[in-house]
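In: Here is my input; please provide its structure:
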Amino acid sequence: MSQQMTRLRENGPTLLAVLSLLCLVVGGVIHLSGAPLPARFIWASGAFAVLVVLVFDMVRALLSGRIGVDAIAALAIGTALLLGENLAAAIVAVMYAGGQLLESYAEGRARRDMTALLGRVSRSAVVHRGETLETVPIEALVPGEVILLRRGEVVPVDGRLMGANAVLDLSALTGEPMPVSFDRGREIPSGATVVGDAFDLLVLRGSATSTYAGIVRLVEQAQQSRSPMARLADRYALYFLGLTLCLAGAAYGWSGDPARALAVLVVATPCPLILAVPVAVISGMSRAAARGVLVKMAGALEALAAVTTVVLDKTGTVTSARPAVGAVLPAQGFYRDDVLRLAASLDQASAHVAAEALVRAALDAGLALSLPQDVVEQPGQGLFGRVDGHEVLLGGTRFVRSRLPPDADFSRDGLPPGAAVVAVGIDGRAAGLITLTDPVRQDAAEAIAAFRALGITRIVMASGDRTDVAKAAAGALGLDAVAGDLSAPDKVALVLGEKLTGVVMMVGDGVNDAPALATSHVGVAISVRGSAASSEAADAVLLADDLRRLPMACHIARRSRRIARQSAGAGVVLSGMAMVAAAFGFMSPVQGALLQEVIDVAVILNALRVLKD
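Out: Numbers count the residues shown, from 1 in each chain. Predicted structure coming up:
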């Protein structure tokens, strides 16, 4: 039953528009065929159906403390029916229903109860039951149980590693671009993805209180707390409604003719506001989509036009989230190219994300790689094998050092604390270190410059990575502030702080960005490398892997808003002039309704200018 009601709400505007238009056309055909009474009945039926829906919507709006220009349309249709002006009522009904259909289409319903985010949450887990394994719902997991996690699975609950080693992808939680190795006894957060071998996990917290569940709740709360933006027309509804009633009342009081009052109400029906604004918004959304930015809702486009502050995630947003070789630091007695060539040759046998970086760097340097032999890899730690007769070791410093003589050492002189490195051992000696970086995207600087050109006054980087790493990445971009070591709640707090002084656009790509995206005035997710969760939480999605599309989208949104206001303003002025003419008896209700249709066409054509460059 609930599904049927949901389907009815979604299809209601279309059904109403089709019904009203069908009644108007069929009634007109019957009237022209010489049967005025059936035609009047059909016109009245279509208008009455729209009036019922209109009154229902008005009551619902009033209960929520809002009143809109729809009240004028209700008065016009109701009065026309009472006075027997059924054709005028049918025309106004078509105008209103068409406006509702366009508005419904513009708003859309892209977010569906967080389906993507909740879809990532594990639904079941494999639990050790004595000598057997049993699959149970994650809700049944209790602290103290031991579960088995295999490659590719998402950790369902927070726990402690029981095995010797685990390799996890934490990028969706922390923004860390490279897989992280965990040793026995370390705590592992829910929401991480297993990229290494299977391991056992001791459950520490139930599913409802684990890390990932907290992120889900943050997103849901943020989305529920955000009030929808009112239509542009409704902001001036009370003034326009008051003016219309005064003029209609004056026309009736002066002439004693109720048809004059009806004519005023008909031409005052603010379809330029109801129609022109959604058309301009839809056109703006279409333009933005053509430029690679999918804006989900009309309110988001308006918020995008008003942005004054941009908050950027680091990993995968400002940086490439694709590790690259920064420097090769050979130990004494070794040459840079030899160290890189042998390490990259061995890494051809590894699927680790760092291996790809080494191979790419060696090939870019024009080095000829050899085929490795007898390769043994310990996921998350390192690998060893033979290359051109040399015994080659590479991986974490601890892993490589443990397989070299006691006097072997790797100098980290000049490296910042915590720098990501690959240690290389050759023929039982420490051969050197290879540093890894997460380079800044080539389009980041251009995008930031374009934001500045639009007059956006504040640009901030918010990162889950270390503060020193975040500041290093932001160094050449001229940002106004940089914040690192941020958890998902920390990012939400940062966005809330920025909202106190401006309209905030948050740009991110990970699950950890989803709550902040939902909290901001307009959240933009990067879909190329981003998570489904961030795309669901966001108001807009960057479809093209190019940050420069975002300032383009802001420009399109501003132009759409400007043209929407022009169309609405012109429509109100023209309607006002027609209202005065109707008050003095220069047009009948039907003529007024037809004139209003002409005004509608004019303002809609103006609104369609948004589609042009």
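In: Let me see the contact set for residue 88.
Out: By Cβ atoms under 8 Å, 6 or more residues apart in numbering, residue 88 lies in contact with 76, 80, 262, 266, 589-590, 592-593. The way it works is simple: take the backbone N, C-alpha and C, and place the C-beta from them, glycine included.
In: so what's it scoring on pLDDT?
Out: The per-residue pLDDT reported for residue 88 equals 86.
In: Tell me which helix or strand it sits in.
Out: According to DSSP states H and E, residue 88 maps onto helix 86-107.
In: Doesn't residue 126 belong to a helix?
Out: No: assessed with DSSP: H, G, I helix; E, B strand; the rest coil, residue 126 is strand; it does not lie in a helix.
In: isn't it right next to residue 138, touching?
Out: No: Residue 126 is not in contact with residue 138 according to Cβ atoms under 8 Å; the separation is 10.9 Å.
In: Centroid-nearest residue for the chain?
Out: Nearest to the geometric centre of the chain sits residue 538, at 2.1 Å (Cα atoms, centre = their mean).
In: quick one: that one from residue 297, how far?
Out: Here the criterion is Cβ to Cβ, to the nearest Å. By it, residue 538 lies 11 Å from residue 297.
In: same thing with residue 556?
Out: According to Cβ to Cβ, residue 556 stands 15 Å off from residue 297.
In: what about these two, which has more around it?
Out: A count of neighbours by other Cβ atoms under 10 Å puts residue 556 above the other of residue 556 and residue 297, at 27 against 21.
In: isn't that one right up against residue 284?
Out: Yes: between residue 556 and residue 284 there is a contact at 5.6 Å, judged by Cβ under 8 Å.
In: now the helices: where do they sit in the stretch 451-600 of the chain?
Out: Under the criterion DSSP state H, counting those that start in this stretch, the stretch 451-600 of the chain contains helices at 467-474, 488-499, 514-519, 532-537, 549-583, 589-607.
In: For the stretch 101-250 of the chain, give me the ranges with low pLDDT.
Out: The stretch 101-250 of the chain contains residues with pLDDT under 70 at 102-122, 171-177, 210-238.
In: now the helices for it?
Out: Using DSSP H, counting those that start in this stretch, the helices of the stretch 101-250 of the chain run over 115-120, 171-174, 211-225, 237-255.
In: Name the nearest residue to residue 124, ignoring sequence neighbours.
Out: Closest residue to residue 124 apart from its sequence neighbours, by Cβ to Cβ, 6 or more residues apart in numbering: residue 135 at 5.2 Å.
In: no wait, residue 580
Out: In space, and not counting its chain neighbours, residue 580 is closest to residue 247: 7.5 Å by Cβ to Cβ, 6+ apart.
In: my guess is the one you found meets residue 267, correct?
Out: No: between residue 247 and residue 267 no contact is recorded; they are 10.2 Å apart, counting by Cβ under 8 Å.
In: For residue 370, identify the helix or strand it belongs to.
Out: Here residue 370 is covered by no helix or strand, with elements defined by DSSP H and E.
In: Near it, how many residues? Count them for me, please.
Out: Neighbour count for residue 370, taken as other Cβ under 10 Å: 17.
In: again, but for residue 129
Out: 11.
In: residues near residue 489, how many?
Out: The local packing of residue 489 (other Cβ under 10 Å) involves 14 other residues.
In: any idea how far residue 207 is from it?
Out: According to Cβ to Cβ, residue 489 and residue 207 sit 19 Å apart.
In: Over to residue 561?
Out: Separation of residue 561 from residue 207 (Cβ to Cβ): 44 Å.
In: same check, this time on residue 246
Out: Separation of residue 246 from residue 207 (Cβ to Cβ): 61 Å.
In: Hmm, residue 542 is touching residue 291, no?
Out: No: counting by Cβ under 8 Å, residue 542 does not reach residue 291; the two are 10.0 Å apart.
In: tell me, what's touching those two both at once?
Out: In terms of Cβ under 8 Å, 6+ apart, residue 542 and residue 291 are both contacted by the residues residue 549.
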